[in-house]
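[1] coordinates only, sequence not included:
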DNA sequence: TAGTGCTGGTCTCTTTCTGAGACCACCATC
DNA sequence: GATGGTGGTCTCAGAAAGAGACCAGCACTA
């Protein structure tokens, strides 16, 4: 299942890319990852990957996000080019959020991690329980 | 490049897994992702994927992490079963951190995202610049 | 014509999380 | 005895996140 040699090569490159001598804090890889590491980013990406949603729909879909964080996370995702925001001039103006091509591309990569989490969450839970017991 | 039908199916499943009716905050997928979404988790995983390191080595390797956050992030990664911590009874006791099998497995999935970030950071940077200009 | 509700937000307040750096015990070496 | 390297912990200030009140605009209803 693992082509370890290929993976090892990538690991070294990725680590290098994340360390990127000199301006550590300006490292582009870390900069991109940072934008995705918010508490709600991946969840909203997963929702919007399914279909476009309006603000209120997202709010009802994810009841435990505060309105403030929903606004802000969508703003950040839009700023990074993953999400498109379109305002429709209906009587109460409605706003629709959808993934851009860049967003869909990014989600393709993020997906592997989400899938792994789904497949292995019991292993993590067990590890956590064993650790806390000791 | 995209096998869209397959991906669409996964998307729906992943979103479902992240929403997981009822106990939203106890959703296992979100629980796992949460542990990985810290500022330093992915960077330390990338470092340890290359080779095992000792505490002080990691500190020197990532100069802009505070000692406190290094301790805490390693503790969290260890608790979730990704990292193994071994104390050697040398004269000043030394501590070595390495990836577990679970950690290597997880990094295999995380890797896709890091690779994407490396390949596309200029697109994100451009999107950000365009957004800020408007 | 006033009340109610739906739209997508913003503002303020409180609590939690991070970051910077002082401090610590231990031992070896100088 | 002083100094440095080991892997941490503790305290305190600043940044970020969560809860929830509030807002303008228009439609529908009474």
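    Received the coordinates, thanks. Just so we're clear, the structure is a prediction, and the values are computed from it rather than from any experiment. Numbers count the residues shown, from 1 in each chain, chains lettered A, B, ... in the order given.

[2] what ranges does chain A have for its helices?
    A:4-19, A:28-36, A:41-50, A:55-61, A:67-79, A:101-133 (DSSP state H).

[3] contacts for stretch A:33-40?
    Outside stretch A:33-40, the residues that touch it by C-beta atoms under 8 Å, 6 or more residues apart in numbering or on different chains are A:18, A:41-42, A:45, A:62, A:65, A:69-70, A:73, A:76-77, A:80, A:106, A:110, B:34, B:37-39, B:42, B:113-114, B:117, B:124. C-beta coordinates here come from the backbone N, C-alpha and C atoms, glycine included.

[4] pick out the residue in chain A sitting closest to DNA strand C.
    DNA strand C sits closest to residue A:56 of chain A, with a gap of 2.7 Å, by C-beta to the nearest atom of the strand.

[5] that residue - how many residues pack around it?
    By the criterion of other C-beta atoms under 10 Å in any protein chain shown, residue A:56 has 12 neighbours.

[6] could you find the closest non-adjacent residue to the residue positioned nearest the centre of chain A?
    Most central in chain A under C-alpha atoms, centre = their mean is residue A:42, positioned 3.0 Å from the mean C-alpha point. Sequence neighbours aside, residue B:33 is the residue nearest to residue A:42 in space, at 5.6 Å (criterion: C-beta to C-beta, 6 or more residues apart in numbering or on different chains).

[7] now that neighbour: how far from residue B:87?
    30 Å (C-beta to C-beta, to the nearest Å).

[8] quick one: contacts for the closest residue to residue A:79 other than its chain neighbours?
    Nearest residue to residue A:79 in three dimensions, chain neighbours excluded: residue B:131, at 4.7 Å (C-beta to C-beta, 6+ apart). Going by C-beta under 8 Å, 6+ apart, residue B:131 touches A:78-79, A:81.

[9] closest to residue B:29 among those?
    residue A:78 (24.2 Å; C-beta to C-beta).

[10] tell me who's in contact with that closest one.
    Taking C-beta under 8 Å, 6+ apart, one finds A:84-85, A:97, B:131 in contact with residue A:78.

[11] confidence score at it?
    What the model reports as pLDDT for residue A:78 is 97.

[12] what does residue A:7 give?
    pLDDT for residue A:7: 41.

[13] break chain A into its domains for me.
    Residue ranges for the domains of chain A, per automatic domain parsing: A:1-27, A:38-133.

[14] which of those domains has the lowest mean pLDDT?
    Among the domains of chain A, domain A:1-27 scores lowest, at a mean of 49.

[15] just to revisit the earlier point, more neighbours, residue B:33 and residue B:87?
    Of the pair residue B:33 and residue B:87, residue B:33 is the one with more neighbours under other C-beta under 10 Å, namely 24 against 9.

[16] now for the closest residue to residue A:59 other than its chain neighbours, how many residues are close by?
    Closest residue to residue A:59 apart from its sequence neighbours, by C-beta to C-beta, 6+ apart: residue A:70 at 6.0 Å. Neighbours of residue A:70 under the rule other C-beta under 10 Å: 18.

[17] contacts only, for residue A:70.
    Going by C-beta under 8 Å, 6+ apart, the list of residues near residue A:70 reads A:40, A:44, A:55, A:58-59, A:62.

[18] most neighbours out of the residues you listed, which is it?
    Neighbour counts for the contacts of residue A:70 peak at residue A:44, which has 25 neighbours (criterion: other C-beta under 10 Å).

[19] so which of the contacts of residue A:78 are in strands?
    With DSSP state E as the criterion, strands contain A:84-85, A:97 from among the contacts of residue A:78.

[20] ok, these vs residue A:27, which is closest?
    Proximity of these to residue A:27 (C-beta to C-beta) peaks at residue A:84, which lies at 27.3 Å.
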